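> Can you look at this prediction? I've put the sequence above it.
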Protein chains: 2
Amino acid sequence: MIHTTFKLRPASPMNPAPVVPAILVLGPPLVFKAYETEFSKKFNFLKPWENPIPLHQFLSTHSAAVKAIFCSAVSPVTGDIIQRLPELQFVLASSTGVNHIDLRECKRRGIVVANAGSTFSDDVADMAVGLLIDVMRRISAGNRFVKSGVWPREGDYPLANKLGGKRVGIVGLGSIGLHIATRLNAMGCIISYTSRTMKPHVPFPFYPGIHQLAANCEILLISCTLTEQTRHLIDREVMLVLGKEGVIINIARGAIINEKELVECLTKGEIGGAGLDVFENEPNFPKELFVLENVVLTPHHGAITEEACRKLYNLVCKNLDAFLSKKTLECEVLET
Amino acid sequence: MIHTTFKLRPASPMNPAPVVPAILVLGPPLVFKAYETEFSKKFNFLKPWENPIPLHQFLSTHSAAVKAIFCSAVSPVTGDIIQRLPELQFVLASSTGVNHIDLRECKRRGIVVANAGSTFSDDVADMAVGLLIDVMRRISAGNRFVKSGVWPREGDYPLANKLGGKRVGIVGLGSIGLHIATRLNAMGCIISYTSRTMKPHVPFPFYPGIHQLAANCEILLISCTLTEQTRHLIDREVMLVLGKEGVIINIARGAIINEKELVECLTKGEIGGAGLDVFENEPNFPKELFVLENVVLTPHHGAITEEACRKLYNLVCKNLDAFLSKKTLECEVLET
């Protein structure tokens, strides 16, 4: 890998300091915090959170230098930000989802967008399976039951639900969805899916619409991209079709579910339970869910393993190197 | 099925009431509580917990009638109990494990023992996988983190550990162990095992001893029978070989692990974490585990799903019918 681009030469009147291509970090992504020392040896990062001035002023100050943005899933890269950076050529997301990036504005400006690709697919799939087993088999609730010390007094724990034989509908059969399917297939679940298009070479039944899928499943597992088409795709109507015993797992993006209606269905017992790693307004989420034993909530850490973080660090370095040396990028988001 | 055996005929001096074969229920098993009405229509049960007299007195009163015992895993069927029941011919466990039954005394007396066979194998395997994902990916801890409301304040959640690529050693590759292997194989784990004997037609590496297995794994998954050979098989020495990052999951029987030494290793950070559905002295367990975030505890409910309970109910009816009509039993424990 070529790192020499960023060797700062001493400035002098005869030899003025070159404008070193700067990478604006927004978020900052967890991988950036975990590997900041290593990252900083290789690239020239701008870190607005270390500066007390407002972001728009920070952007104006550095607008000539910012060639790239490196951002986390919770940091919107809005049209406004992009317009303030005339030299911007590259936006690199630390996530797989790029719904926080104004892709239309990027396309208009010819700004290249890349994401984390399938770096986390297996980890996110594991999390989906973990959340599902947890909800069905009451693991977190059981842990609370035992650790609160009531087991000796209360005795038998309530019966849980079997996974084997349950019909699981996967919403979005991309890389993560396929990993989930493989795992749940091995656990004896009956898999079907819906997706933008029917996938060739996939052995699972395809339903063209979410209502048909929900009507034929006990479990809905959300692993699709958040777009204007999928925003609030899972609404009360879908949940009522899924039914009282139905379980919803979401490891994709919060806004794919109408969260207000989900809370309503859960509190009224119109669906059976939920496992949620993502929320509409993270890190905030409906307080009504605090008390529900049949709801397991995790703080959007489906992708966050040490090993995936290391893998992402390598991918980010590779992509920033490639960008700076005009080589081929990995995981370019081609839909822009 | 033949249920006529238990039709009570009205007693008269000329036609004295026959001694109806009675089934002594000890525990009582959860399935008995769940299906008591249905069970009671079919068989003549004796329920000592409904009687204020001490058990030994209860046994003396009914000793002539008790032909069979139906017991849960937490109710010891001791030599003393067996000796007080001269007519006893059959002990039926509601569990797969029969370590709570004095098999030697049963053998000596020619008493047949049967268990739940593989009724729960897939459910227990699911629980094992659920506990493992929970410990590795911090699901219960994440749920607590979110539900305690600290996420908005504390922000990023600590990095968790990836499952894919981890070396998992299965201790006891019976029906449950094989189900676990299938599941974890689909998740990209690298499986090996130890067992009384090397299994034919199994594609996973076999280690003859527990130390060799522990030395070649990051995760130990206990799914063997509790016998005098496996009691405290997993001791501090094994845990030190497994190492600081090592994780232990136990869905078999608590006493296979030396619990005191496990607590010591966990509190000293000599192993990385544990997921335990079973304990040495259930429902009691070491209070030191209350506070450990890397330890997930469930109240011995690996087998307890509604669906498995229904399946077990059918098996128990079938076996009690078979016993009373002298037909072939299912799931007879042949090692007696």
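Sure, I can see it. All values derive from a computational prediction rather than experimental measurement.

> what about the helices in the stretch 201-336 of chain A?
With DSSP state H, counting those that start in this stretch as the criterion, the stretch 201-336 of chain A has helices at A:210-215, A:236-242, A:259-267, A:306-324.

> do you know which of these lies nearest B:Leu30?
helix A:259-267 (27.1 Å; CB to CB). For glycine as for every other residue, the C-beta is placed from the backbone atoms N, C-alpha and C.

> which helices and strands sit right next to that closest one?
With contacts defined as 3 or more CB pairs under 8 Å, 6 or more residues apart in numbering or on different chains; DSSP states H and E, helix A:259-267 has these neighbours: helix A:236-242, strand A:273-276.

> Tabulate the helices of the stretch 201-336 of chain A (a markdown table), appending distance to B:Leu240.
Shown next, in a markdown table, are the helices of the stretch 201-336 of chain A (distance: least, CB to CB, whole Å):
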| stretch | distance to B:Leu240 |
| --- | --- |
| helix A:210-215 | 50 |
| helix A:236-242 | 48 |
| helix A:259-267 | 45 |
| helix A:306-324 | 23 |
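
> got TSV for those, with mean neighbour count too?
Output for the helices of the stretch 201-336 of chain A, formatted as TSV (neighbours: other CB atoms under 10 Å in any protein chain shown):
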stretch	mean neighbour count
helix A:210-215	19
helix A:236-242	20
helix A:259-267	19
helix A:306-324	19
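
> export the ones you listed to JSON lines and tack on mean pLDDT and distance to A:Leu289?
Below are the helices of the stretch 201-336 of chain A laid out as JSON lines (pLDDT from 0 to 100; distance: least, CB to CB, whole Å):
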{"stretch": "helix A:210-215", "mean pLDDT": "98", "distance to A:Leu289": "21"}
{"stretch": "helix A:236-242", "mean pLDDT": "98", "distance to A:Leu289": "15"}
{"stretch": "helix A:259-267", "mean pLDDT": "97", "distance to A:Leu289": "7"}
{"stretch": "helix A:306-324", "mean pLDDT": "96", "distance to A:Leu289": "27"}
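
> okay, now A:Lys326: neighbour count?
Neighbour count of A:Lys326, defined by other CB atoms under 10 Å in any protein chain shown: 6.

> before we move on, what about A:Asp80?
13.

> Then A:Ser121?
Using other CB under 10 Å: A:Ser121 sits among 22 other residues.

> Correct me if wrong: it contacts A:Ser175.
Yes. A:Ser121 is in contact with A:Ser175 according to CB atoms under 8 Å; the separation is 4.2 Å.

> which residues touch the closest residue to A:Ala252 other than its chain neighbours?
Distances taken as CB to CB, 6 or more residues apart in numbering or on different chains place A:Ile222 nearest to A:Ala252, at 4.8 Å, with adjacent residues excluded. A:Ile222 makes contacts with A:171-172, A:234, A:248-252, A:256-257, as judged by CB atoms under 8 Å, 6 or more residues apart in numbering or on different chains.

> can you list the residues of the stretch 1-150 of chain A near chain B?
Within reach of chain B by CB under 8 Å from any CB of the partner chain, the stretch 1-150 of chain A has these residues: A:30, A:33-34, A:122-123, A:126-127, A:129-131, A:133-134, A:136-140, A:142-147, A:149.

> Buried ones among those?
If you count burial by 16 or more other CB atoms under 10 Å in any protein chain shown, the buried members of those come out as A:30, A:34, A:122-123, A:126-127, A:129-131, A:133-134, A:136-140, A:142-147.

> and the residues you listed, which of them are in helices?
Judged by DSSP state H, those include A:30, A:34, A:122-123, A:126-127, A:129-131, A:133-134, A:136-137, A:139-140, A:142-147 as members of helices.

> Out of the helices and strands in chain A, which is least certain?
None of the helices or strands of chain A scores lower by mean pLDDT, DSSP states H and E than helix A:151-154, at a mean of 90.

> Residues in contact with it: which ones?
Residues contacting helix A:151-154 (CB under 8 Å, 6+ apart): A:145, A:157, B:283-284, B:299.

> Quick one: buried ones out of these?
A:145, A:157, B:283, B:299.

> mind putting the residues you listed in TSV, distance to A:Leu24 and pLDDT included?
Formatted as TSV, these follow (distance: CB to CB, whole Å; pLDDT from 0 to 100):
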residue	distance to A:Leu24	pLDDT
A:Phe145	48	93
A:Tyr157	51	87
B:Pro283	56	90
B:Pro299	51	95
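
> Same list, those residues, but as CSV with distance to A:Ile304 please.
Shown next, in CSV, are those (distance: CB to CB, whole Å):
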residue, distance to A:Ile304
A:Phe145, 27
A:Tyr157, 30
B:Pro283, 34
B:Pro299, 29
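
> about what we covered before: go through the least confident helix or strand of chain A and flag the buried ones.
A:Trp151.

> Show me what secondary structure element comes after it.
strand A:167-171 (DSSP states H and E).

> That following strand and chain B in contact?
No. Strand A:167-171 lies out of reach of chain B by CB under 8 Å from any CB, never closer than 13.2 Å.

> Give me the buried positions along that strand.
A:168-171.

> who are the neighbours in contact with the nearest residue to A:Cys71 once chain neighbours are set aside?
Of all residues not flanking A:Cys71 in the chain, A:Leu26 sits nearest, at 4.1 Å (CB to CB, 6+ apart). For A:Leu26, the contacting residues are A:48, A:69-72, A:75, A:77, A:81, by CB under 8 Å, 6+ apart.

> The same query, at a cut-off of 7 Å, please.
A:69, A:71, A:75, A:77 (CB atoms under 7 Å, 6 or more residues apart in numbering or on different chains).

> That one and B:Trp151, how far apart?
20 Å (CB to CB, to the nearest Å).

> Within its local environment, how many residues does the closest residue to A:Lys33 other than its chain neighbours see?
When the adjacent residues along the chain are set aside, A:Lys33 lies closest to B:Asp156, with 7.2 Å between them (CB to CB, 6+ apart). Neighbour count for B:Asp156, taken as other CB under 10 Å: 17.
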